[in-house]
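1. Pasted the sequence and its predicted model underneath.
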Amino acid sequence: MLQIAFIRENQEKVIQALAKRNLDAKTVVEEVVELDERRRATQVELDNILAESNKLSKDIGEMMKAGEKAKAAILKEKTVSNKEKSKALAETAEAIAAELTEKLYTLPNLPADIVPEGKTPEENLNVFEAGEIPVLHEGAQPHWELVKKYDIIDFELGNKITGAGFPVYKGKGARLQRALINYFLDKNTAAGYNEVQVPHLVNEASGYGTGQLPDKEGQMYHATVDNLYLIPTAEVPVTNLFRDVLLSENELPILKTAYTPCFRREAGSYGAHVRGLNRLHQFDKVEIVRIEHPEKSYEALDGMVEHVKEILDELKLPYRILRLCGGDMGFTSALTYDFEVFSTAQDRWLEISSVSNFETFQANRLKLRFKDKDGKNQLAHTLNGSSLALPRVLAGILENYQTPEGIVIPEVLRSYCGFDIIN
């Protein structure tokens, strides 16, 4: 959530920055400023009445001591009137504040200066590319055919148990999935990320804290009886570990990693591009989260990008990194780098990771602060990244490592899998 003081003092800057997201925010910004002015004016009026009431109470006490009961009675009538006024003003201020918060919830984060202009994914900026695209043998197949051939993932069985988008991993497919999770976690912990296991359902406050609510409410599975949400990413529970927390500056940075299943409704997704593992309703992902000092968060973002690059280099998968344009960035992000792996059998790039800096946007919702060296409370910066999302990494391995004899396991995973080939 954007800070109201910043919006009030930088209206044109906010409007212009959000225009990079192809959002005309002029009306909402003006409404936010007007509501804030009303809220502050109402609060001043309320504070004045409360101050007057406090003085009257003191005066009444002195008059009663002096035996001036008639004068005290007149002032008591005034305090009754003030009490009614203050109650009405408090209710008005609360209603205005609630309306202001709802308006603020509709405004996405401001893009960083280096975010490129653009409306569609085709306008994202390719900033890095590595790895050789393999030349596959004649008769090479996409992963949804390979998993049938080797009986390692069963989409139909998952459809029977739950529905489309909930695959069943079998045999060497399940072991390869587990190997990837363990490998990713080991890489993250070796890089200084502290592993945590977190709940897979979160309350409404947690969803609002990291910005999934209300923006992504339609994409989240909602357990309505208990008003809990299945997590779309470990980012939500891990970052919410620090909701309403005041840190000391020497506690920064904080690095966390977690493995969780993730649940997304993916409403409106259809077509050939969502076949097989390309888009699922339940999938596994290993996440990294950082809580950083504002002066060091972009250095930390660069470090996260290098960390994910190292993992993909070890997997020997062809990949590229995109700096997302304003129109393709997530609601909460100030700057995002997407990693994509090349699927040779599908002849297309598949997104496998997003690494983002949210600056103070999430921290403002979370009330996540730190006390600086001068003793002042500041909002921290939050960052997160997929390290990595499994389905499309697995699809890339199955397709790019296929041979006529079977699917060769990347060397770095063999000790985790306990086998060298799926055949």
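-> Done, it's in.

2. same question for stretch 60-69, mean pLDDT?
-> Per-residue pLDDT values across stretch 60-69 average out to 76.

3. Please renumber the chain so that the first residue is 13 from this point on.
-> Sure thing, new numbering starts at 13, so read that last one as stretch 72-81.

4. mind giving me the domain split of the chain?
-> Following the TED database, the chain resolves into domains at 16-118, 133-434.

5. how about the ones you listed, which one is nearest Ala124?
-> Comparison of these against Ala124 by Cβ to Cβ identifies domain 133-434 as nearest, at 4.2 Å. Yep, even glycine has a C-beta here, placed from its N, CA and C like the rest.

6. Figure out how far the longest helix anywhere in the chain is from the centre of its chain.
-> Looking across the chain with DSSP state H, the single longest helix is helix 38-77. Chain-centre distance of helix 38-77: 37 Å, with Cα atoms, centre = their mean, to the nearest Å.

7. List the buried residues of it.
-> 40-41, 44-45, 47-48, 50-51, 54-55, 58, 61-62, 65, 68, 71-72, 75 (16 or more other Cβ atoms under 10 Å).

8. list the helices and strands it packs on?
-> Helices and strands touching helix 38-77, as assessed by 3 or more Cβ pairs under 8 Å, 6 or more residues apart in numbering; DSSP states H and E, comprise helix 16-21, helix 23-31, helix 81-117.

9. The last one - contacts with which helices or strands?
-> Helices and strands touching helix 81-117, by 3+ Cβ pairs under 8 Å, 6+ apart, are helix 38-77.

10. quick check: angle from the helix it packs on to helix 23-31?
-> Interaxial angle, helix 38-77 versus helix 23-31 (axes from the mean of the first three to the mean of the last three Cα atoms, to 10 degrees): 140 degrees.

11. how many degrees apart are helix 38-77 and helix 81-117 in direction?
-> 160 degrees.

12. so Tyr241, which of the three states?
-> Three-state call for Tyr241 (DSSP: H, G, I helix; E, B strand; the rest coil): strand.

13. Tell me if I'm right that it and Lys228 touch.
-> No. Counting by Cβ atoms under 8 Å, Tyr241 stays clear of Lys228, with 9.7 Å between them.

14. Specify which residue of those two has the higher count of neighbours.
-> In terms of neighbours (other Cβ atoms under 10 Å), Tyr241 is the more surrounded of Tyr241 and Lys228; the figures are 24 against 17.

15. re the thing from before, which of the helices and strands packed on helix 38-77 has the lowest average pLDDT?
-> When mean pLDDT is averaged over each of these, helix 81-117 scores lowest at a mean of 87.
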